[in-house]
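Engineer: What would the 3D arrangement of this be:
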Amino acid sequence: MVLALKDQFIWDSWYVRGSDTWHGYFLKAPRSLGDPELRHMNATVGHATSTDLIHWDHLGQTFGPAPAPAWDDCTTWTGSVVRGDDDLWHLYYTGTSQAENALYQRIGHATSTDLHNWTRFGDGLALDLTGPNAELYEADHMVGFWHDRAMRDPWVMKDPEGDGWLMFFTARKAGVAEPNAGGCIGFATSPDGYDWTLQAPVFVGGYGQLEVPQVFQKDGHWFCLFCTAAEHFSKDRAEKTATGPSTGNHYLIGAGPRGPWQLAPEFLDGALPPARYAARIVDTDDGLVILGFADRPDGGDFVGHVMDPEPVRVTADGLLELAPRRMAEE
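Structural biologist: Numbering: from 1, shown residues only. Okay, the predicted model is just below:
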């Protein structure tokens, strides 16, 4: 029972547990568009609930672009949901505007009391590439060098080392000569989840983009899951990858949420043609599982649903690996 809708493409997703129920959020767009590449400019956020991450009750659209004119009146893309210190639920999301042809991405913020009806905080804008640390990022669209001004996929978590909040996001480092070596994990901090300060990236390199980051701790080890594509491997990273570039989900290993971070020695979950993408690792009562959307696992048409969860384990060496289901059930 995959997370699927007959008349909608589904791709990036994220999850939060409320009481005994899992809430899944996902990008969706009408299959009537025909070409799945058109889905990105026609996305809204859907919502479904589950008790086991397998059987889902669809609740319909939960969020979408603001009325024009607004900084997020074109698209609302991937984000994360957390419960704040104020007992509200907080949605952090990616937004783009029609005025900029969706080429500039920024990070927005909305709140909810019920995990379905969301209200933007102010005009919704939470973070942009501005301020003293903006010079560390590609703060302007590098036309002809990269396809957009990247600042998306916010992952927000409580700071385990203090009283505030941490945000990780997909971005690019300024001044890197090779386009595919400039991808980075951006970073920001907040005392309360409302007022955010841009900080220096916590990781740079290896790929042109490290999409959909997710930072978490398990068994005393820190991980940052991300996804990337074969065409975005840097020259150096491609040469160092014995199996060659692939598309899928990889991860960093860190000393803590602020790093230092380093690439794991082996790609976690990749394939050509791409199978599962934009994955999340969810910590359930029965252990870690991975969920991501089915891309083109058989090399044919885009599938566009979230695949059933598969078990993941932390090895004795502090690495992540996909665990055969029979092993997980022993």
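
Engineer: Confirm residue 203 sits in a helix?
Structural biologist: No: using DSSP: H, G, I helix; E, B strand; the rest coil, the secondary structure at residue 203 is strand, not a helix.

Engineer: can you pull the contacts of it?
Structural biologist: Each residue near residue 203 by C-beta atoms under 8 Å, 6 or more residues apart in numbering is listed here: 184-185, 210, 224, 252, 259, 261. Bear in mind the C-beta positions are built from the backbone N, C-alpha and C, glycine included.

Engineer: all strands of the stretch 51-200 of the chain, in order?
Structural biologist: 57-63, 75-83, 89-96, 106-112, 119-127, 151-158, 165-172, 183-190, 197-204 (DSSP state E, counting those that start in this stretch).

Engineer: quick revisit: just the ones of the contacts of residue 203 in strands?
Structural biologist: Of the positions in the contacts of residue 203, 184-185, 224, 252, 261 sit in strands, assigned by DSSP state E.

Engineer: ok so, going back, looking at the contacts of residue 203, which one is closest to residue 230?
Structural biologist: Nearest to residue 230 among the contacts of residue 203 is residue 210, at 14.0 Å by C-beta to C-beta.

Engineer: Would you check how far apart the residue sitting nearest the centre point of the chain and residue 60 are?
Structural biologist: The centroid of the chain falls nearest to residue 212 when counting by C-alpha atoms, centre = their mean (2.2 Å). Relative to residue 60, residue 212 is positioned 23 Å away (C-beta to C-beta, to the nearest Å).

Engineer: Quick check: bridge partners of the residue nearest to residue 59 when sequence neighbours are not counted?
Structural biologist: Distance criterion C-beta to C-beta, 6 or more residues apart in numbering; nearest residue to residue 59, sequence neighbours excluded, is residue 47 at 4.6 Å. Bridge pairing for residue 47 (DSSP bridges) gives the partners residue 25, residue 60.

Engineer: Let me know how buried the nearest residue to residue 219 once chain neighbours are set aside is, in neighbour terms.
Structural biologist: Counting by C-beta to C-beta, 6+ apart, residue 314 is the residue found nearest to residue 219 once chain neighbours are left out, at 4.7 Å. Residue 314: 17 surrounding residues under other C-beta atoms under 10 Å.

Engineer: do residue 195 as well
Structural biologist: Applying other C-beta under 10 Å, we find 12 other residues in the vicinity of residue 195.

Engineer: just for this structure, where's the confidence low?
Structural biologist: Along the chain, segments meeting pLDDT under 70 span 1, 325-330.

Engineer: let's see it at 90
Structural biologist: Residue ranges of the chain with pLDDT under 90: 1, 19-20, 162, 243, 298-299, 323-330.

Engineer: residues of stretch 174-185 that come out buried?
Structural biologist: 174, 176, 179-185 (16 or more other C-beta atoms under 10 Å).

Engineer: Closest one to residue 309 out of the residues you listed, please.
Structural biologist: residue 185 (24.4 Å).

Engineer: the helices in this protein, which residues?
Structural biologist: Applying DSSP state H to the chain gives helices spanning 235-240, 325-329.

Engineer: tell me the contacts of the closest residue to residue 284 other than its chain neighbours?
Structural biologist: Take residue 284 and drop its neighbours on the chain: the residue closest to it by C-beta to C-beta, 6+ apart is residue 53, 7.0 Å away. Residues in contact with residue 53 (C-beta under 8 Å, 6+ apart) are 15, 22, 24, 282, 284, 289, 291, 308-309.

Engineer: Against residue 10, how distant is residue 213?
Structural biologist: Counting by C-beta to C-beta, the gap from residue 213 to residue 10 is 20 Å.

Engineer: Roughly how far does residue 174 sit from residue 37?
Structural biologist: As judged by C-beta to C-beta, residue 174 and residue 37 stand 29 Å apart.

Engineer: Hmm, I typed the wrong one, I wanted residue 165.
Structural biologist: From residue 165 over to residue 37 the distance is 35 Å, taken as C-beta to C-beta.

Engineer: neighbour-wise, which of these two wins?
Structural biologist: A count of neighbours by other C-beta under 10 Å puts residue 165 above the other of residue 165 and residue 37, at 23 against 9.

Engineer: Quick check, that one in contact with residue 197.
Structural biologist: No: look at residue 165 against residue 197 with C-beta atoms under 8 Å: they stay out of range, at 10.7 Å.

Engineer: Pull up the overlap in contacts between the two.
Structural biologist: With C-beta under 8 Å, 6+ apart as the test, residue 165 and residue 197 both reach 189-190.

Engineer: What's the local residue count around the nearest residue to residue 287 once chain neighbours are set aside?
Structural biologist: With sequence-adjacent residues excluded and distances taken as C-beta to C-beta, 6+ apart, residue 287 is closest to residue 311, at 6.1 Å. Counted with other C-beta under 10 Å, the neighbours of residue 311 add up to 19.

Engineer: next one: residue 283
Structural biologist: Residues near residue 283, counting by other C-beta under 10 Å, number 14.
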